[in-house]
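Enquirer: Could you look at this predicted model? Sequence included:
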Amino acid sequence: MPVTMTNPWRGRGLGLDAPMPCDDPAGVAALLAKCPAHAPTPLADAPILAARAGVASLRIKDERGRMGLGSFKALGAAHAIAREAAATAPDDWASALAGRTYITASAGNHGLSVAAGAGLFGAAAVVYLSDTVPEPFAARLAARGARVVREGATYEASMDAAAAVARDRGWTLLSDSSWPGYTELTYRVMEGYLQLAAEAAEQIDAPPTHVLVQAGVGGLAAAVAAHARRVWGDGPQIVVVEPDAAPALRDSIRAGEVVDTTGPVSAMGRLDCKTPSLIALNGLSRDADLFVTITEEEAARAMPVLSGHGFATTPSGGAGLAALFAGLAPGAEARVLAILSEGPEDG
(Lines give C-alpha, C1' and ligand atoms only; values in the text may rest on other atoms or scores of the structure.)
Protein backbone atom coordinates (compact mmCIF):
# COMPACT_ATOMS: atom_id res chain seq x y z
CA MET A 1 0.00 0.00 0.00
CA PRO A 2 1.42 3.45 -0.89
CA VAL A 3 2.50 5.60 2.06
CA THR A 4 0.94 9.06 1.99
CA MET A 5 1.72 12.39 3.63
CA THR A 6 -0.52 15.46 3.50
CA ASN A 7 1.32 18.66 2.62
CA PRO A 8 1.16 21.01 5.63
CA TRP A 9 2.36 23.95 3.51
CA ARG A 10 -0.40 23.71 0.89
CA GLY A 11 -1.55 27.12 -0.34
CA ARG A 12 1.19 29.14 1.34
CA GLY A 13 4.39 27.32 0.45
CA LEU A 14 7.77 27.27 2.11
CA GLY A 15 8.81 30.65 0.75
CA LEU A 16 12.26 29.45 -0.27
CA ASP A 17 14.79 31.84 -1.80
CA ALA A 18 14.05 30.66 -5.32
CA PRO A 19 11.61 31.44 -8.14
CA MET A 20 8.23 29.84 -8.25
CA PRO A 21 7.72 27.62 -11.31
CA CYS A 22 6.29 29.31 -14.37
CA ASP A 23 2.61 28.52 -14.97
CA ASP A 24 2.07 30.23 -18.35
CA PRO A 25 2.83 28.05 -21.41
CA ALA A 26 2.53 30.86 -23.98
CA GLY A 27 6.28 31.30 -24.45
CA VAL A 28 6.81 27.58 -24.97
CA ALA A 29 4.00 27.38 -27.49
CA ALA A 30 5.45 30.28 -29.47
CA LEU A 31 8.81 28.53 -29.87
CA LEU A 32 7.29 25.13 -30.59
CA ALA A 33 5.20 26.65 -33.37
CA LYS A 34 8.49 27.05 -35.27
CA CYS A 35 9.52 23.42 -34.75
CA PRO A 36 8.45 20.97 -37.47
CA ALA A 37 8.99 17.99 -35.13
CA HIS A 38 6.42 19.27 -32.65
CA ALA A 39 2.96 17.70 -32.35
CA PRO A 40 0.70 17.28 -29.32
CA THR A 41 0.84 13.91 -27.59
CA PRO A 42 -2.41 12.01 -26.97
CA LEU A 43 -4.57 12.00 -23.87
CA ALA A 44 -5.87 8.43 -23.70
CA ASP A 45 -9.07 7.31 -22.03
CA ALA A 46 -8.47 4.11 -20.02
CA PRO A 47 -11.87 2.87 -18.76
CA ILE A 48 -10.72 -0.69 -18.03
CA LEU A 49 -7.82 0.54 -15.94
CA ALA A 50 -10.14 3.03 -14.25
CA ALA A 51 -12.42 0.17 -13.21
CA ARG A 52 -9.42 -1.77 -11.93
CA ALA A 53 -8.40 1.22 -9.79
CA GLY A 54 -11.97 1.83 -8.57
CA VAL A 55 -12.28 5.35 -10.02
CA ALA A 56 -14.86 6.93 -12.29
CA SER A 57 -12.44 7.77 -15.09
CA LEU A 58 -8.74 7.64 -15.87
CA ARG A 59 -7.08 9.82 -18.49
CA ILE A 60 -3.42 9.15 -19.31
CA LYS A 61 -1.24 11.82 -20.92
CA ASP A 62 1.01 9.67 -23.07
CA GLU A 63 4.47 11.21 -23.55
CA ARG A 64 6.12 8.19 -25.15
CA GLY A 65 6.09 9.72 -28.63
CA ARG A 66 7.11 13.26 -27.71
CA MET A 67 9.12 14.69 -30.62
CA GLY A 68 10.73 11.36 -31.37
CA LEU A 69 12.72 11.33 -28.11
CA GLY A 70 10.47 9.00 -26.15
CA SER A 71 9.66 11.12 -23.11
CA PHE A 72 8.41 14.44 -21.78
CA LYS A 73 12.03 15.52 -21.31
CA ALA A 74 12.09 16.45 -25.00
CA LEU A 75 10.26 19.62 -23.93
CA GLY A 76 12.72 20.68 -21.23
CA ALA A 77 16.40 21.18 -21.97
CA ALA A 78 15.74 21.66 -25.69
CA HIS A 79 13.39 24.51 -24.79
CA ALA A 80 15.99 26.15 -22.55
CA ILE A 81 18.56 25.93 -25.35
CA ALA A 82 16.05 27.26 -27.88
CA ARG A 83 15.47 30.27 -25.62
CA GLU A 84 19.21 30.98 -25.67
CA ALA A 85 19.32 30.59 -29.44
CA ALA A 86 16.38 32.96 -29.88
CA ALA A 87 18.12 35.56 -27.72
CA THR A 88 20.89 35.82 -30.34
CA ALA A 89 18.32 36.92 -32.99
CA PRO A 90 19.92 34.53 -35.46
CA ASP A 91 19.90 34.77 -39.22
CA ASP A 92 20.72 31.07 -39.29
CA TRP A 93 19.14 29.05 -36.48
CA ALA A 94 21.31 26.04 -37.27
CA SER A 95 24.45 27.92 -36.22
CA ALA A 96 22.97 30.26 -33.62
CA LEU A 97 24.94 28.66 -30.77
CA ALA A 98 28.05 27.54 -32.68
CA GLY A 99 31.03 27.33 -30.37
CA ARG A 100 28.91 26.70 -27.26
CA THR A 101 29.08 23.47 -25.27
CA TYR A 102 26.27 22.34 -22.99
CA ILE A 103 27.16 19.82 -20.31
CA THR A 104 24.86 17.97 -17.97
CA ALA A 105 24.35 14.85 -15.92
CA SER A 106 21.37 12.68 -16.69
CA ALA A 107 19.59 9.45 -15.96
CA GLY A 108 18.93 9.28 -19.70
CA ASN A 109 16.05 11.37 -20.98
CA HIS A 110 17.25 14.83 -19.92
CA GLY A 111 20.51 14.12 -21.68
CA LEU A 112 18.65 13.27 -24.88
CA SER A 113 16.91 16.64 -24.74
CA VAL A 114 20.23 18.44 -24.20
CA ALA A 115 21.78 16.56 -27.12
CA ALA A 116 18.83 17.24 -29.41
CA GLY A 117 18.61 20.92 -28.49
CA ALA A 118 22.33 21.52 -28.83
CA GLY A 119 22.39 19.79 -32.21
CA LEU A 120 19.55 21.91 -33.57
CA PHE A 121 21.41 25.16 -32.95
CA GLY A 122 25.01 24.20 -33.69
CA ALA A 123 26.23 23.64 -30.14
CA ALA A 124 28.02 20.63 -28.68
CA ALA A 125 26.62 18.39 -25.91
CA VAL A 126 28.46 16.43 -23.21
CA VAL A 127 26.43 14.16 -20.95
CA TYR A 128 27.73 12.56 -17.74
CA LEU A 129 26.06 9.31 -16.71
CA SER A 130 26.29 7.45 -13.43
CA ASP A 131 27.11 3.77 -13.30
CA THR A 132 23.43 2.89 -12.79
CA VAL A 133 22.15 4.35 -16.08
CA PRO A 134 21.34 1.53 -18.54
CA GLU A 135 23.64 1.20 -21.53
CA PRO A 136 20.80 1.64 -24.06
CA PHE A 137 20.45 5.24 -22.88
CA ALA A 138 24.17 5.83 -23.42
CA ALA A 139 23.85 4.47 -26.95
CA ARG A 140 20.86 6.69 -27.69
CA LEU A 141 22.75 9.74 -26.43
CA ALA A 142 25.72 8.96 -28.65
CA ALA A 143 23.40 8.49 -31.62
CA ARG A 144 22.10 12.01 -30.98
CA GLY A 145 25.63 13.40 -31.19
CA ALA A 146 26.41 13.74 -27.49
CA ARG A 147 29.77 12.88 -25.99
CA VAL A 148 29.00 10.46 -23.17
CA VAL A 149 31.14 10.25 -20.03
CA ARG A 150 30.59 7.66 -17.32
CA GLU A 151 31.43 8.94 -13.86
CA GLY A 152 29.97 8.42 -10.40
CA ALA A 153 27.89 5.82 -8.65
CA THR A 154 24.84 8.09 -8.43
CA TYR A 155 23.13 10.87 -10.36
CA GLU A 156 24.30 13.35 -7.75
CA ALA A 157 27.92 12.28 -8.17
CA SER A 158 27.77 12.56 -11.94
CA MET A 159 26.19 16.02 -11.66
CA ASP A 160 28.98 17.15 -9.35
CA ALA A 161 31.50 15.93 -11.92
CA ALA A 162 29.72 17.70 -14.77
CA ALA A 163 29.53 20.94 -12.78
CA ALA A 164 33.27 20.82 -12.08
CA VAL A 165 34.07 20.37 -15.77
CA ALA A 166 31.71 23.22 -16.69
CA ARG A 167 33.57 25.55 -14.32
CA ASP A 168 36.99 24.45 -15.53
CA ARG A 169 36.25 24.75 -19.25
CA GLY A 170 33.74 27.58 -19.37
CA TRP A 171 30.96 25.33 -20.66
CA THR A 172 27.28 25.85 -19.88
CA LEU A 173 25.91 23.55 -17.20
CA LEU A 174 22.32 22.66 -18.07
CA SER A 175 20.73 20.77 -15.21
CA ASP A 176 17.11 19.80 -14.76
CA SER A 177 17.56 20.47 -11.04
CA SER A 178 18.19 23.75 -9.25
CA TRP A 179 20.01 24.86 -6.10
CA PRO A 180 21.07 28.15 -4.48
CA GLY A 181 22.77 30.24 -7.15
CA TYR A 182 21.63 27.99 -10.01
CA THR A 183 18.03 28.58 -11.07
CA GLU A 184 17.82 30.48 -14.38
CA LEU A 185 18.28 27.66 -16.89
CA THR A 186 16.36 25.16 -14.77
CA TYR A 187 13.44 27.59 -14.69
CA ARG A 188 13.41 27.46 -18.50
CA VAL A 189 13.68 23.66 -18.52
CA MET A 190 10.63 23.43 -16.27
CA GLU A 191 8.81 26.02 -18.36
CA GLY A 192 9.10 23.67 -21.31
CA TYR A 193 7.18 20.99 -19.44
CA LEU A 194 4.17 23.30 -19.31
CA GLN A 195 3.40 22.31 -22.90
CA LEU A 196 2.23 18.84 -21.88
CA ALA A 197 0.18 20.27 -19.02
CA ALA A 198 -1.46 22.80 -21.34
CA GLU A 199 -2.24 20.11 -23.91
CA ALA A 200 -3.82 17.89 -21.26
CA ALA A 201 -5.97 20.76 -19.99
CA GLU A 202 -7.22 21.40 -23.53
CA GLN A 203 -7.76 17.72 -24.34
CA ILE A 204 -9.64 16.65 -21.22
CA ASP A 205 -13.43 16.80 -21.27
CA ALA A 206 -13.93 17.71 -17.59
CA PRO A 207 -11.54 19.00 -14.93
CA PRO A 208 -9.91 16.13 -13.04
CA THR A 209 -10.50 15.64 -9.36
CA HIS A 210 -7.01 14.13 -8.96
CA VAL A 211 -3.73 14.68 -10.82
CA LEU A 212 -1.09 11.98 -10.33
CA VAL A 213 2.46 12.90 -11.28
CA GLN A 214 5.70 11.13 -10.44
CA ALA A 215 8.80 13.00 -9.32
CA GLY A 216 12.56 12.72 -9.23
CA VAL A 217 14.01 16.17 -8.57
CA GLY A 218 10.45 17.42 -9.09
CA GLY A 219 10.59 19.55 -12.24
CA LEU A 220 7.75 17.84 -14.10
CA ALA A 221 5.56 17.59 -11.02
CA ALA A 222 6.00 21.26 -10.15
CA ALA A 223 5.28 22.43 -13.70
CA VAL A 224 2.16 20.27 -13.99
CA ALA A 225 0.97 21.41 -10.55
CA ALA A 226 1.54 25.10 -11.31
CA HIS A 227 -0.45 24.93 -14.54
CA ALA A 228 -3.19 22.84 -12.96
CA ARG A 229 -3.68 25.52 -10.34
CA ARG A 230 -3.70 28.20 -13.06
CA VAL A 231 -6.46 26.55 -15.09
CA TRP A 232 -8.43 24.61 -12.46
CA GLY A 233 -7.73 26.46 -9.21
CA ASP A 234 -7.95 24.52 -5.97
CA GLY A 235 -10.29 21.87 -7.37
CA PRO A 236 -7.97 18.96 -8.24
CA GLN A 237 -6.02 17.14 -5.58
CA ILE A 238 -2.43 17.04 -6.81
CA VAL A 239 -0.62 13.86 -5.79
CA VAL A 240 3.18 13.62 -6.12
CA VAL A 241 4.58 10.08 -6.29
CA GLU A 242 8.19 9.15 -5.41
CA PRO A 243 10.11 5.91 -4.88
CA ASP A 244 10.41 5.03 -1.21
CA ALA A 245 14.14 4.70 -1.93
CA ALA A 246 14.33 8.41 -2.84
CA PRO A 247 11.63 10.47 -1.08
CA ALA A 248 13.52 13.75 -1.48
CA LEU A 249 10.48 15.96 -1.90
CA ARG A 250 8.45 14.33 0.86
CA ASP A 251 11.30 14.51 3.34
CA SER A 252 12.02 18.14 2.45
CA ILE A 253 8.36 19.08 2.86
CA ARG A 254 8.36 17.33 6.22
CA ALA A 255 11.50 19.20 7.30
CA GLY A 256 10.39 22.55 5.89
CA GLU A 257 13.64 22.94 3.92
CA VAL A 258 15.75 21.20 1.30
CA VAL A 259 17.19 17.98 2.71
CA ASP A 260 19.20 15.16 1.19
CA THR A 261 17.73 11.72 1.58
CA THR A 262 19.43 8.35 1.45
CA GLY A 263 18.35 4.97 0.26
CA PRO A 264 19.21 2.06 -2.02
CA VAL A 265 19.33 2.36 -5.78
CA SER A 266 15.79 2.29 -7.19
CA ALA A 267 14.57 0.54 -10.33
CA MET A 268 12.68 3.78 -10.87
CA GLY A 269 15.97 5.16 -12.15
CA ARG A 270 14.79 8.48 -13.56
CA LEU A 271 13.10 9.16 -10.21
CA ASP A 272 16.05 8.02 -8.09
CA CYS A 273 17.13 11.51 -7.03
CA LYS A 274 18.17 12.07 -3.44
CA THR A 275 18.01 15.89 -3.44
CA PRO A 276 15.06 17.92 -4.74
CA SER A 277 15.19 20.84 -7.13
CA LEU A 278 14.92 24.10 -5.21
CA ILE A 279 12.44 25.64 -7.65
CA ALA A 280 10.34 22.48 -7.75
CA LEU A 281 10.22 22.19 -3.97
CA ASN A 282 9.21 25.84 -3.71
CA GLY A 283 6.31 25.33 -6.10
CA LEU A 284 5.14 21.97 -4.84
CA SER A 285 5.13 23.16 -1.25
CA ARG A 286 2.43 25.59 -2.34
CA ASP A 287 0.57 23.53 -4.95
CA ALA A 288 0.71 19.81 -4.06
CA ASP A 289 -1.82 18.23 -1.71
CA LEU A 290 -0.32 14.80 -1.09
CA PHE A 291 3.12 13.22 -1.26
CA VAL A 292 3.12 9.47 -1.84
CA THR A 293 5.88 6.87 -1.85
CA ILE A 294 5.72 3.47 -3.52
CA THR A 295 7.92 0.43 -3.19
CA GLU A 296 9.97 -1.26 -5.86
CA GLU A 297 7.51 -4.15 -5.82
CA GLU A 298 4.50 -1.88 -6.28
CA ALA A 299 6.14 -0.24 -9.28
CA ALA A 300 7.14 -3.59 -10.78
CA ARG A 301 3.63 -5.05 -10.41
CA ALA A 302 2.15 -2.20 -12.44
CA MET A 303 4.35 -2.75 -15.48
CA PRO A 304 2.62 -5.84 -16.97
CA VAL A 305 -0.76 -4.27 -16.21
CA LEU A 306 0.12 -1.16 -18.18
CA SER A 307 1.77 -3.10 -20.98
CA GLY A 308 -1.23 -5.37 -21.30
CA HIS A 309 -3.46 -2.36 -21.95
CA GLY A 310 -1.19 -0.68 -24.50
CA PHE A 311 0.77 1.56 -22.15
CA ALA A 312 4.17 -0.13 -22.03
CA THR A 313 6.61 1.97 -20.02
CA THR A 314 9.27 1.78 -17.31
CA PRO A 315 8.84 1.82 -13.53
CA SER A 316 9.83 5.49 -13.72
CA GLY A 317 7.37 6.34 -16.47
CA GLY A 318 4.43 4.60 -14.81
CA ALA A 319 5.07 5.36 -11.14
CA GLY A 320 2.04 7.61 -10.74
CA LEU A 321 -0.22 4.92 -12.16
CA ALA A 322 1.53 2.29 -10.05
CA ALA A 323 0.47 4.20 -6.93
CA LEU A 324 -3.12 4.13 -8.16
CA PHE A 325 -3.08 0.37 -8.79
CA ALA A 326 -1.34 -0.29 -5.47
CA GLY A 327 -4.27 1.04 -3.51
CA LEU A 328 -4.10 4.84 -3.43
CA ALA A 329 -7.92 4.80 -3.60
CA PRO A 330 -8.99 8.35 -4.47
CA GLY A 331 -12.64 7.24 -4.49
CA ALA A 332 -15.34 5.89 -6.79
CA GLU A 333 -16.24 9.36 -8.09
CA ALA A 334 -12.67 10.36 -8.86
CA ARG A 335 -11.70 11.60 -12.30
CA VAL A 336 -7.98 10.95 -12.48
CA LEU A 337 -5.38 12.50 -14.77
CA ALA A 338 -2.01 10.70 -14.81
CA ILE A 339 1.22 11.17 -16.77
CA LEU A 340 2.87 8.31 -18.66
CA SER A 341 6.20 10.06 -18.86
CA GLU A 342 8.38 7.77 -21.00
CA GLY A 343 8.45 4.72 -23.22
CA PRO A 344 9.99 1.33 -22.40
CA GLU A 345 13.77 1.08 -22.37
CA ASP A 346 13.70 -1.37 -25.26
CA GLY A 347 11.16 0.64 -27.19
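Expert: Sure thing, it's come through.

Enquirer: average pLDDT for the helix or strand hosting Leu281?
Expert: Using DSSP states H and E, Leu281 sits in helix 278-287. What helix 278-287 shows for mean pLDDT is 98.

Enquirer: what helices or strands is the following helix or strand past that helix leaning on?
Expert: The helix or strand immediately downstream of helix 278-287 is strand 290-294, counting by DSSP H and E. Secondary-structure packing of strand 290-294 (3 or more C-beta pairs under 8 Å, 6 or more residues apart in numbering; DSSP states H and E): strand 3-6, strand 237-243, helix 248-255, helix 319-323. Quick note: C-beta positions are derived from backbone N, CA and C, even for glycine.

Enquirer: Run a quick neighbour tally on the closest residue to Ser178 other than its chain neighbours.
Expert: Among residues not flanking Ser178 along the chain, Thr186 sits closest, at 3.8 Å (C-beta to C-beta, 6 or more residues apart in numbering). By the criterion of other C-beta atoms under 10 Å, Thr186 has 28 neighbours.

Enquirer: check contacts around the spatially closest residue to Gly152 that is not a sequence neighbour.
Expert: Nearest residue to Gly152 in three dimensions, chain neighbours excluded: Ser158, at 3.9 Å (C-beta to C-beta, 6+ apart). Ser158 sits next to Ala105, Ser106, Tyr128, Leu129, Ser130, Glu151, Gly152 when contact means C-beta atoms under 8 Å, 6 or more residues apart in numbering.

Enquirer: Can you tell me which of those residues is nearest Gly27?
Expert: Closest approach to Gly27 among the contacts of Ser158 (C-beta to C-beta): Ser106, at 24.0 Å.

Enquirer: The residue lying closest to the closest one once chain neighbours are set aside: what secondary structure?
Expert: Excluding the flanking residues, the one nearest Ser106 by C-beta to C-beta, 6+ apart is Val127, at 5.4 Å. Secondary structure, DSSP: H, G, I helix; E, B strand; the rest coil: Val127 is strand.

Enquirer: which one of the contacts of Ser158 sits closest to Ala246?
Expert: Nearest to Ala246 among the contacts of Ser158, counting by C-beta to C-beta, is Ser130 at 13.2 Å.

Enquirer: What is the burial count for that closest one?
Expert: Using other C-beta under 10 Å, Ser130 has 22 neighbouring residues.

Enquirer: from what I can see it touches Gly108, true?
Expert: No: Ser130 is beyond contact range of Gly108, at 10.3 Å (criterion: C-beta atoms under 8 Å).
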